[in-house]
Structures are given as structure tokens and as C-alpha cells.
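Novice: Compute the structure for the input listed below.
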Amino acid sequence: MSKHIEIIGGGLAGCEAAWQAARRGCAVRLYDMKPHRFSPAHSSPLLAEMVCSNSLRSDAQHSAVGLLKEEMRRLDSLIMMVATETAVPAGKALAVNREHFSQGITEHLEQHPLIEIVRQEQTAIPAPTDTPIILATGPLTSDSMTESLVQLTGRERLAFYDAIAPIVHAESLDMGIIYLKSRYDEGPGDYLNCPMNKEEYLAFIQALKGADTVPLKAFEEVKYFEGCLPIEVMVARGDNTLRFGPMKPVGLDDPRTGRYPYAVVQLRKENRQGSLYNMVGFQTKLTYPEQQRIFRLIPGMDQADFARLGSIHRNTFVCAPELLEPTLQLKSRPDLFLAGQLSGVEGYVESTAMGLLAGINASRMLRGRPLVVPPPETALGALITHLTQSDPKHFQPSNVTFGLFPDIPERALEENASHGTDQTDPQHQQYQRNRKKNKLSKAQRGELRSNTALEALALWQSIHKPL
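Specialist: Residues are numbered from 1 along each chain as shown. As a prediction, this is how the structure comes out:
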């Protein structure tokens, strides 16, 4: 009988899976090919390297991704713990110092007595044994490993392309033009904002339209994730697409004028010192010379010194509704779990969440215990529902959103409306009227979903205790 779990891939999902299994008393062998071999997008020998951005998005518990983070914290997520320890100012978002974050994850895993880190590339999925295997090789799964998975599933691989945003040195920015502001927040805020008037915006758009891009290889198919489109792809959809997307100025009033500009380019801290800034939403496949030429048209960035320019990379994932069980096991091979973006989710937090669940279930399999599936009312469960119950013909990776959750039960609405409330209070009575008219605010619905999810999670934990 096997006495350990094997995990292939040292990204966020693989690291979280290793941590969850080890803290449940299971020995873990974690394989990572770095530093002997690097993917086209990776450069650090550390585990859990963050490539696209340093942001884990909103940390507000009443947002879908904020709720997912809270659920993971309650399940003792290593990634969430270290992210909090290495956080940099980012308004309402949770962003980290990438190097400190990866260093922290690596140290925690290296120091755990039940985790063995093997710096060796695995080029194929091991043959079936009684050893649970978690495949978490990420969006840049090697060709050989992808072919191994294709042979196992009988499915052609599916791929689209994520684009990476540039990073700029803060000292090269013109702070006489740029101003500090977080959207809708009073005070200076955490983001740098480069304001554009209409003429500057239109000139910028025209430059983007005529810019050279990196050509795709003959075998590559363009299939971008809608939440991470390159800016030049967005521009092709219309001149105002950027102004209603990543360059949206609403809520970013310039303190010098008291009004918001025609368009804004936001820069977010890449490290705690504030020496590097990420161009928010500026994923791109422009050539390097074109990036430098066009991005220096942005007011306040005419002398910009780029620490990293944007690029594109492939994202490989399976058709989860046809291939995966709700436990993240491959239907055709129960000893094999898929985690991370390979399973069909999108985003750092979602990928980590799948690693967390795969780690829990692999450890339960090793110990001979029934496998578990989180309740659909939770953010974790909503992602599993999306992976396993979507229409296979139209399946696409998704971030966590409240649109993936089941409808809020009427009972929960009633309980939330009456709990600890003076029934004669005018605000409460207005709340009840709005609820009956289905006019609850986005924040109120987020609060209801969050409360319902965390109650369901607590009950799930108690039923399967120890999880």
C-alpha cells in the first residue's frame, strides 16, 4: 500500500495541494522542473512563481473572489497565509511582493518534514498505482506532458493565450502629471493614475491600431480568455472599448481638477517599496519595440524605463465537464487528480483553490476515507459546479463570480432580513420592500451570498471533521 502522494508541478496549485496533504499527515513528493528547465514565461527557481500579475484581486469578503479567499483561509491555505504576510498596498485588492511571496512559499514547503521537493522534470503521467497523483503543471504544461494527458483522455488539447502586462520603474515616471487615487476612495489611494484628455486618448488608440504584434506560430489557435484580453485585441472591438475597460476614468477624480479625466492608465505597486509598478489591464502581444514606443505616449510615462515588457503565453486546460469528477479525479483514472488552471479554472486564486481541494481529496484517498465535494453554495463548490456541470460544447475557463452560484434561497433572504433587526425600523422596512421587488443592491446580495456560503462551509467542515 502506498504511503505517499505525488504532485507534479510547483506552481500555486501544486504547492497548495502539497501543503494540504502534508498537514493531514500524508507524505508528499512534489516535482518541479525548475531550475533545470524553465517555461517561456518563468524565470525564477523558486516555487509558486507569479507570472502575469502580482494581484490576487479583491479582498472584500462580499465579492466572489474575496469570499473564495476567506473560504481558503478557513481551510488553512498556505498561499493565502503567505500572501497576507507579503502584501503590498493595493487599495481593496490583495497584491503581493512576488519575490518575497515565492520565497515564503518555498521556505514553508522545504521546511516541512513530510514534503520532499524533487527538482526534476516529469515528461509523462506515471502509470496507475495505489499512489494518488495530482497533476498541476499549469497553463504552460510541456508538450510531452500534454501529449501524455491527451493519450490518457482521448481528447485533443485545448489552448488559448494569456497576455502579460508590462512593469515600469517608478523613478522613471513623471509625478508632476501622474496622481495617486484608488477608484471611488477618498484620500490619495494606492494606485498611480496617468490621465488622458480626448485628443491624447484618440492618438493613443490610433497608435495601437497600427502597431506590430508578435505573430503566432502556425500551430497556434487564437482563443483568448475574455477576462485577460490583450489591449490591442480590445481596441479592435471599438475606439471606446479601453475607455470602458482598463482605462475607465470613473471614480478616479484628479485632485488637481476635481474631475475625472477622459481616460486613465492605472499603475499598481509591484513591490512594497513602490519601486516597480504594473500597468493594470495592459496585457499585450505587441512587439517589444512597439510597446516602448506606444506606452511612452501615455502622459507621465514619456521617459518610462520598463523592468519587464508584456508577452503572451499558452494556457492549456481540459474539457472538465466531460473528463473530471466533482472530486477533481479524472473519470477514466481515479488515482489521478487535476488541479490549477489545467482543471479549467482561471486566475491565481481559483487555481490555488483547486489545488487545495485536490490536496484534501488525495490525502483522504491515501488514508482510505471517502472523498468530499464542497457545498454548491460556497465559492469552492460553485467552481466545482462550473467545471463539472457546464455544457461541454461551450465550456471555457472561468474566474469565480456570483453568477456561478445557485440562487439565494428565500429562507436565507428572510433570515438575513430579520436577524437582529428592529422590524419597525424604516430602513429595515425599505430593505424588505426592495427585496420583494428584487432590487437589493449588489453589496447586499454579496453579503447574503457570503453569509450563506460561510455557513455552508462551516457545516461541511463539521460533518467531515477532521476534513
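Novice: Okay, helices next: where are they in the chain?
Specialist: Using DSSP state H, the helices of the chain run over 12-22, 64-74, 78-85, 98-111, 143-153, 198-209, 231-235, 288-295, 320-323, 348-366, 379-389, 410-418, 426-436, 442-463.
Novice: residues making contact with the fifth one?
Specialist: If I follow you right, that is helix 143-153. 8, 122-125, 135, 137, 141, 156-157, 316, 318, 323, 330, 332-333, 336 (CB atoms under 8 Å, 6 or more residues apart in numbering). Where C-beta positions appear, they are placed from N, C-alpha and C, glycine not excepted.
Novice: Which residues are in contact with residue 271?
Specialist: Residues in contact with residue 271 (CB under 8 Å, 6+ apart) are 54, 88, 97-99.
Novice: Check residue 379 too.
Specialist: Here residue 379 is in contact with 64-65, 67-68, 71, 353, 400, 405, 453 (CB under 8 Å, 6+ apart).
Novice: Next, count neighbours for the residue lying closest to it once chain neighbours are set aside.
Specialist: The spatial neighbour of residue 379 that comes closest, neighbours along the chain excluded (CB to CB, 6 or more residues apart in numbering), is residue 68 at 3.8 Å. If you count neighbours by other CB atoms under 10 Å, residue 68 ends up with 28.
Novice: can you check the one 5 residues further on too?
Specialist: By the measure other CB under 10 Å, the count of residues near residue 73 is 14.
Novice: How about residue 393?
Specialist: Other residues near residue 393 come to 8 when the count uses other CB under 10 Å.
Novice: Give the burial count for the closest residue to residue 104 other than its chain neighbours, as a bare number.
Specialist: Nearest residue to residue 104, sequence neighbours excluded (CB to CB, 6+ apart): residue 82, at 4.1 Å. Neighbour count for residue 82, taken as other CB under 10 Å: 23.
Novice: Next: residue 128.
Specialist: Using other CB under 10 Å: residue 128 sits among 12 other residues.
Novice: so it touches residue 333, yeah?
Specialist: Yes. Taking contacts as CB atoms under 8 Å, residue 128 lies within contact range of residue 333: 6.1 Å.
Novice: hang on, the earlier thing: per-residue pLDDT, the residue nearest to residue 379?
Specialist: The per-residue pLDDT reported for residue 68 equals 98.
Novice: who's in contact with the spatially most central residue of the chain?
Specialist: Closest to where the C-alpha atoms of the chain average out (CA atoms, centre = their mean) is residue 347, at 2.2 Å. By CB under 8 Å, 6+ apart, the residues touching residue 347 are 57, 65, 227, 399-400.
Novice: For the nearest residue to residue 108 once chain neighbours are set aside, list the residues it contacts.
Specialist: In space, and not counting its chain neighbours, residue 108 is closest to residue 78: 6.0 Å by CB to CB, 6+ apart. Residues near residue 78 by CB under 8 Å, 6+ apart: 15-16, 19-20, 105, 108-109.
Novice: out of the residues you listed, what pair is the most spread apart?
Specialist: Farthest pair in the contacts of residue 78 (CB to CB) is 20 and 105. Separation: 13.3 Å.
Novice: quick one: which of the contacts of residue 379 is nearest residue 464?
Specialist: Once CB to CB is applied, the member of the contacts of residue 379 that ends up nearest residue 464 is residue 71, at 14.4 Å.
Novice: That closest one against residue 453, yeah?
Specialist: Yes. Counting by CB under 8 Å, residue 453 is a contact partner of residue 71 at 6.9 Å.
Novice: Find residues that contact each of these two.
Specialist: Between them, residue 71 and residue 453 share these contacting residues under CB under 8 Å, 6+ apart: 378-379.
Novice: is it true that residue 13 touches residue 340?
Specialist: Yes. The pair residue 13 and residue 340 qualifies as a contact (CB under 8 Å) at a distance of 3.0 Å.
Novice: tell me, what's touching those two both at once?
Specialist: In contact with both residue 13 and residue 340: 136, 138, 351-352, 354-355, using CB under 8 Å, 6+ apart.
Novice: Just the buried ones among the contacts of helix 143-153, please.
Specialist: Neighbour-count burial (16 or more other CB atoms under 10 Å) applied to the contacts of helix 143-153 gives 8, 122, 125, 135, 137, 141, 157, 316, 318, 323, 330, 336.
Novice: Just the buried residues of stretch 126-144, please?
Specialist: Buried residues in stretch 126-144, counting neighbours by 16+ other CB under 10 Å, are found at 131-142.
Novice: right, I mislabeled it, should have said stretch 74-85
Specialist: For stretch 74-85, the neighbour count (16+ other CB under 10 Å) marks 75, 77-83 as buried.
Novice: What's the mean pLDDT across that stretch?
Specialist: Average pLDDT, stretch 74-85: 98.
Novice: coming back round to it: redo the contacts of residue 78 as JSON lines? Include pLDDT.
Specialist: Shown next, in JSON lines, are these (pLDDT from 0 to 100):
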{"residue": "15", "pLDDT": "98"}
{"residue": "16", "pLDDT": "98"}
{"residue": "19", "pLDDT": "98"}
{"residue": "20", "pLDDT": "98"}
{"residue": "105", "pLDDT": "98"}
{"residue": "108", "pLDDT": "98"}
{"residue": "109", "pLDDT": "98"}
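Novice: Can you list the low-confidence ranges for the chain?
Specialist: 1, 155-163, 186-187, 216-225, 272, 313-314, 394, 409-439 (pLDDT under 70).
Novice: try it again with 80
Specialist: 1-2, 39-43, 52, 154-164, 185-188, 215-228, 271-273, 312-315, 393-396, 407-442 (pLDDT under 80).
Novice: contacting residues for residue 336?
Specialist: Counting by CB under 8 Å, 6+ apart, residue 336 makes contact with 125, 128, 133-135, 152, 329-330.
Novice: Now do the contacts for the closest residue to residue 235 other than its chain neighbours.
Specialist: Excluding the flanking residues, the one nearest residue 235 by CB to CB, 6+ apart is residue 208, at 4.8 Å. Residues in contact with residue 208, defined by CB under 8 Å, 6+ apart, are 231-232, 235, 286, 294.
Novice: ok, and the most crowded of those residues?
Specialist: Neighbour counts for the contacts of residue 208, by other CB under 10 Å, peak at residue 231, which reaches 28 neighbours.
Novice: how near is that one to residue 240?
Specialist: Look at residue 231 and residue 240: by CB to CB, to the nearest Å, they are 13 Å apart.
Novice: what does residue 386 give?
Specialist: Distance from residue 386 to residue 240, counting by CB to CB: 31 Å.
Novice: Among these two, which residue is more densely surrounded?
Specialist: residue 386 (24 against 13).
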